[in-house]
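A.B. asks: what's the 3D shape of this:
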Amino acid sequence: EHKKEVYTIKWSPTGPGTKNPDIPLMLATASYDHTVKLWNATTGECIRTFNMHTEPVYSVAFSPDGKHIASGSFDKRVRVWEIATGLLEKTYRGDGGVFEVCWNQEGSKIAACFSNNTIAVLDLSKKEVLTITTMFLIYRYNEFVSTGLSLFIFASFASSNHFLGIWNFRAKIGRASCRE
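C.D. replies: Next comes the predicted model:
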């Protein structure tokens, strides 16, 4: 069990009826206790605890194949774990706390939004990082859009502004709209 409140939960893309039917259905929980826990969704048993964050964990996301999990914390780090072994595979340190992480459909990129108004896109295959700086703090955003155009949609719903942005990775251009 977690020692403090759970901030978010995510279902795995695994189990019967999915593209990954041979991997059991799991539930990931992220907590203010600085941990991420994986649960067997059928038995309720805790399968694994990831505990290398040093601040509350605000976001978790499963890779599309269900073999990895990314976590984002207010310790300014995105961590990528291999689920089967529990090994930490990658760490990225940004300049602000992490509000959200998500994978692209192919499982080759992870996007993270930070409390310093930036979005980092981690290209795991090329080991590159693209950083997008926005005018507004971004709290939540959508997953990569699988249109073949490498588009990424993100949004902010701050108290004074509403912001929607689209970034095209191939063309390296973006558009944004703001409504006060």
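A.B. asks: what's the helix or strand for residue 19?
C.D. replies: Here residue 19, judged by DSSP states H and E, is contained in no helix and no strand.
A.B. asks: so for it, what pLDDT did the model give?
C.D. replies: As predicted, residue 19 sits at a pLDDT of 92.
A.B. asks: quick check: mean pLDDT of stretch 28-39?
C.D. replies: Per-region confidence: stretch 28-39 scores 95 on mean pLDDT.
A.B. asks: ignoring the adjacent residues along the chain, who's closest to residue 53?
C.D. replies: residue 73 (4.0 Å; Cβ to Cβ, 6 or more residues apart in numbering). Where you see a C-beta, it was placed from the backbone N, CA and C, and this is true even at glycine.
A.B. asks: which residue is nearest the middle of the protein?
C.D. replies: residue 101 (1.8 Å; Cα atoms, centre = their mean).
A.B. asks: quick one: least confident helix or strand in the chain?
C.D. replies: Within the chain, judged by mean pLDDT, DSSP states H and E, the helix or strand with the poorest mean is strand 140-145; its value is a mean of 42.
A.B. asks: from residue 1, how far out is the closest residue to the residue nearest to the centre of the chain other than its chain neighbours?
C.D. replies: Nearest non-adjacent residue to residue 101, counting by Cβ to Cβ, 6+ apart: residue 72, 4.2 Å away. Using Cβ to Cβ, to the nearest Å, we find residue 72 at a distance of 22 Å from residue 1.
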